[in-house]
Each structure stands twice: as structure tokens, then as C-alpha cells.
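*Asks:* I'd like to go over a predicted model; first the sequence, then the structure.
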Amino acid sequence: MNDSAESNNVIKVPIDKLALGMFVTAIDHQNGKVAIRNPGQIKYRDAIVKLKASNIAVVWVDIERSSDTCGLKKAERASSASSLLMRKATVTRDGQRGQAKKLLAEAKGLIKKVMSETFEGKAIEVGQFEDVADKMIESVMDDADAFKCISALRSKDAYLLEHSINVAFLLVTFGKHLKLDRELLKQMAVGGILHDIGKIKVDNEILHKPGKLTPEEFEHMKLHQFYAIEIMHETTGLSQVSKDVCLMHHEKLDGRGYPNGLKDEQLPQHGRMSCIVDIFDALTAARCYKEAMSPAAAFKILISLTPFHLDQKLVYEFIRCVGIYPVGSLVQLSDLRVGIVWDAKGRDALHPIVKCFYSIKHKHYTEVTMVDLLKSELNIERGVSPSMLDVDPSPFY
């Protein structure tokens, strides 16, 4: 049946645009429209998730039987000034998130290309990384929260690419917090993007081993920093700061790190910062052999590594910079709902806006609700990771 033969009240809606409150009458398969046994309004987010999991691309929705809040019906009265401002803010955030997503894809593509070229023995062209670094700095200056939500959507099979981008992004965010000048932020970002470049020469079986490395395998893994020294030496136009970020992120203040066993004053501030953000991002990422750790749990480990490994003062500054419950992280509220920390601008760490989508009490997805903890009696009970709940938060970012 084609669109023109349908009632004006029934329309095709792509599954990505399906929202809570829409009244679904049929699903659309490749061989045409198929009526469903129990037509009705979408009340819970898990219904949408199940449709996506069944590879349903399009559904048929009855506008008249859909709720007034699902976005299909025009408001009967003109919006108030406050709702217009809210909509404008949402559009702005959506636009910034779209730009951040585009930047993330661009950076991943660039790193993949350069790693391949470096493996073939080609020299690194620093200029292309400086362009990405400039865009990353602009993104952080405009709205770091937009990038944080995007970077929270990580995939286990792309760890090396995403880790490099996140380290660069965290260095820029941390540097901005410390009021470092823009040129220094740029050089740090380039170093962050390139900080794991030596891993292209590490044995793939060891690099991607789904488990703990043996002492011999760990010694081989450590060689990636010595390979990086060779690559850095052959790269023209790379600043000393960028080289430091790349070559110092496994050094320790007590001199027991590698590749050069640097100690105390031999490690400049940007080198110490790279150690902190590299460990933090590795801990909070899901890998094929481990689940992601919550930021709060990762902070405890960072603190435990002071003062012999990490700079204690910088660790506490980093925690203040990122926040106990960073934008993009998952939290459990006192009513047992789970949500994403969505907005924290101008707020203390304990009172962000949380985008709730799941109930631990009822063990199912709920209607998506924005909870402003400054205006609510609810509070954050704890930070959580998806593995703790067996929940996929990615559709809600």
C-alpha cells in the first residue's frame, strides 16, 4: 500500500524518529506493510529497542490516537517564551552534539589512516592533526558536555582509536580547567591523538589479547613506547610538548615508569597530565576482557596511585575538572531510576540534570524524563556502569 492511499491520520515514521506516546498500527517490512497483533501507544523505551533489535526500519503511526506530547500534534496554543527558550537551547545542544559526533568520526578516520601509513613506513604529516586539534579545542570551548556525551558511546572493537581521541579531548578539557594557553592546548591535543602510535608495531595477538598479559607479553607491550621514540624522531614539525605527551604517559614520579624512567622534576606538567588522563580513560572504557568502570571508581584508583606514580595535586584538580558524576556518565537516583548525567553547567557536582530511562525497581525501560536535581527531592545514590545493570544506554544519548 502506498502513502497516498493511506488516511491523512496514519503516516510512516522511521524507527529512529519513533517516540514515546506514538500510536503504532503496523510495521513495515521489505515486502510491505504488516499489521501488528496489539496496536497501541509506545509507553516504554524498551518497546522501541525491541523493534530496532528486530531490524524494523519503519512503522505506521496514527496521529490522532497518539499522545499530545509525542511531537506529532501541533500545540493548540502558542508556546510561551520559556518553552521557546527551552526549544532553542535543545536545538543548540543537538547541533553541538552533531558537530561533536562529526569531529569524532573525522578524528577516528584520520588516526586509522595515519596508523596504516605509519605501519607502511610513511612519515606523519603533523598539519592534519593540528587541524583536528583546533576543531577539538573549539568544541570544548563551545560546549564540552556535547563532546562528553558523544565520547561516552564507545565500542570495544575500536578502543585504540577512541582511546586516543578521548585522551586528547580530556587533555584539552583539563588544560582549559587549568587555564593553559590555547597553543599549549593544541600541542597537547596533537600529542594525545598520537600517544599510542607505537602500538602499530606491537604483535596483534598481544595487543588484542582478551585477558591479562603474562610478564613476557607485558614486556613486549611496553615496547610500543620505544617504537614511538623512533616514530617521533622521524616526524618533522612535531612540538616538544606533543612528543612529551606521547612519550611520558607511562612514566612515574618515582622513576619506575618507562620508556626513560623519568623522575620528579624531569616530568613537566603536561607529561604528568598525560599520565592521569591515559589511566582514567583506560579504566572507564569497556574492553573485550573487562567492563567499563564508573568515573567515581576510577577516581579512587587515581588517588591510590599518588604520590609515587601520579601527581597528587593534579589528580585532585582533574577530579574537580571532570566532576564526580561527569556529563555522559550513568547514575542511579534515590527512586531507583537510572539515567545519564545530561547537563551540569552552573551547577555543583551533586545536582545536574539527569536523563532517566530505566528503573532498577521494575527492571525495565521507562518513559524518558529529564530530572532537574536542583528542583527535585531526589538525589544521586551512586555512579553505575552499564555492566552493573545489563542495560544498553546507547539509544538514549
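*Replies:* Yes, it's here.

*Asks:* wait, residue 278 sits on residue 251?
*Replies:* No. Residue 278 is not in contact with residue 251 according to CB atoms under 8 Å; the separation is 10.7 Å. Using the backbone N, CA and C atoms, a C-beta is placed for each residue, glycine as well.

*Asks:* apart from its chain neighbours, what residue comes closest to residue 225?
*Replies:* Excluding the flanking residues, the one nearest residue 225 by CB to CB, 6 or more residues apart in numbering is residue 259, at 4.0 Å.

*Asks:* nope, residue 281 is what I was after
*Replies:* Ranked by CB to CB, 6+ apart and with sequence neighbours excluded, the top spatial neighbour of residue 281 is residue 166, at 4.7 Å.

*Asks:* is it fair to say that neighbour lies in a helix?
*Replies:* Yes. Read with DSSP: H, G, I helix; E, B strand; the rest coil, residue 166 is one of the residues of a helix.

*Asks:* strands along the stretch 201-350 of the chain, start to end?
*Replies:* In order along the chain, the stretch 201-350 of the chain carries the following strands (DSSP state E, counting those that start in this stretch): 330-333, 337-343.

*Asks:* and the ones you listed as JSON lines, adding distance to residue 180, mean neighbour count and mean pLDDT?
*Replies:* Shown next, in JSON lines, are the strands of the stretch 201-350 of the chain (distance: least, CB to CB, whole Å; neighbours: other CB atoms under 10 Å; pLDDT from 0 to 100):
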{"stretch": "strand 330-333", "distance to residue 180": "30", "mean neighbour count": "22", "mean pLDDT": "94"}
{"stretch": "strand 337-343", "distance to residue 180": "25", "mean neighbour count": "22", "mean pLDDT": "93"}
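
*Asks:* for the ones you listed, which one sits closest to residue 137?
*Replies:* For the strands of the stretch 201-350 of the chain, the distance to residue 137 is smallest for strand 337-343, at 21.4 Å, taking CB to CB.

*Asks:* right, so of the strands of the stretch 201-350 of the chain, which gets closest to residue 319?
*Replies:* Judged by CB to CB, the one of these that comes nearest to residue 319 is strand 337-343, at 15.0 Å.

*Asks:* mind saving the C-alpha coords of the closest one as PDB?
*Replies:* In PDB, the C-alpha atoms belonging to strand 337-343 read as follows (Å, rounded to 0.1, in the frame of the first residue of the first chain):
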ATOM      1  CA  ARG A 337      15.800   5.100  38.300                       C
ATOM      2  CA  VAL A 338      18.900   5.100  36.200                       C
ATOM      3  CA  GLY A 339      19.800   8.000  33.900                       C
ATOM      4  CA  ILE A 340      22.500   9.800  32.000                       C
ATOM      5  CA  VAL A 341      24.000  13.000  33.500                       C
ATOM      6  CA  TRP A 342      22.900  15.300  30.800                       C
ATOM      7  CA  ASP A 343      23.700  18.900  31.900                       C
END
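
*Asks:* just checking, what packs against that strand?
*Replies:* helix 126-151, strand 330-333, strand 353-359, strand 364-372 (3 or more CB pairs under 8 Å, 6 or more residues apart in numbering; DSSP states H and E).

*Asks:* avg pLDDT for the first one?
*Replies:* So that's helix 126-151. Averaged across helix 126-151, pLDDT comes to 79.

*Asks:* please apply the same query to the third one.
*Replies:* In this model, strand 353-359 has an average pLDDT of 94.

*Asks:* direction included, what does that strand pair against?
*Replies:* strand 337-343 (antiparallel), strand 364-372 (antiparallel) (DSSP bridges).

*Asks:* mind giving me CSV with the helices and strands packed on strand 337-343 and columns for distance to residue 295?
*Replies:* Rendered in CSV, the data for the helices and strands packed on strand 337-343 read as follows (distance: least, CB to CB, whole Å):
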stretch, distance to residue 295
helix 126-151, 11
strand 330-333, 10
strand 353-359, 15
strand 364-372, 19
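
*Asks:* between those, which gets nearest to residue 62?
*Replies:* In this view, the helices and strands packed on strand 337-343 are compared for proximity to residue 62 by CB to CB, and strand 364-372 is the closest at 19.3 Å.

*Asks:* pull out the buried positions in the closest one.
*Replies:* Of the residues in strand 364-372, 365, 366, 368, 371 count as buried by neighbour count, 16 or more other CB atoms under 10 Å.

*Asks:* ok, stretch 63-70 next?
*Replies:* Burial within stretch 63-70, assessed by neighbour count using 16+ other CB under 10 Å, is assigned to 63, 66, 67, 70.

*Asks:* among those, which two are most distant?
*Replies:* 63 and 67 (10.6 Å).

*Asks:* overlap of the contact sets of those two?
*Replies:* Counting by CB atoms under 8 Å, 6 or more residues apart in numbering, the shared contacts of residue 63 and residue 67 are residue 23.

*Asks:* ends of stretch 191-203, how far apart?
*Replies:* With CA to CA, to the nearest Å as the measure, the first residue of stretch 191-203 is 23 Å from its last.

*Asks:* list the buried residues for that stretch?
*Replies:* Buried residues in stretch 191-203, counting neighbours by 16+ other CB under 10 Å, are found at 191, 192, 193, 194, 195, 196, 197, 198, 199, 200, 201, 202.
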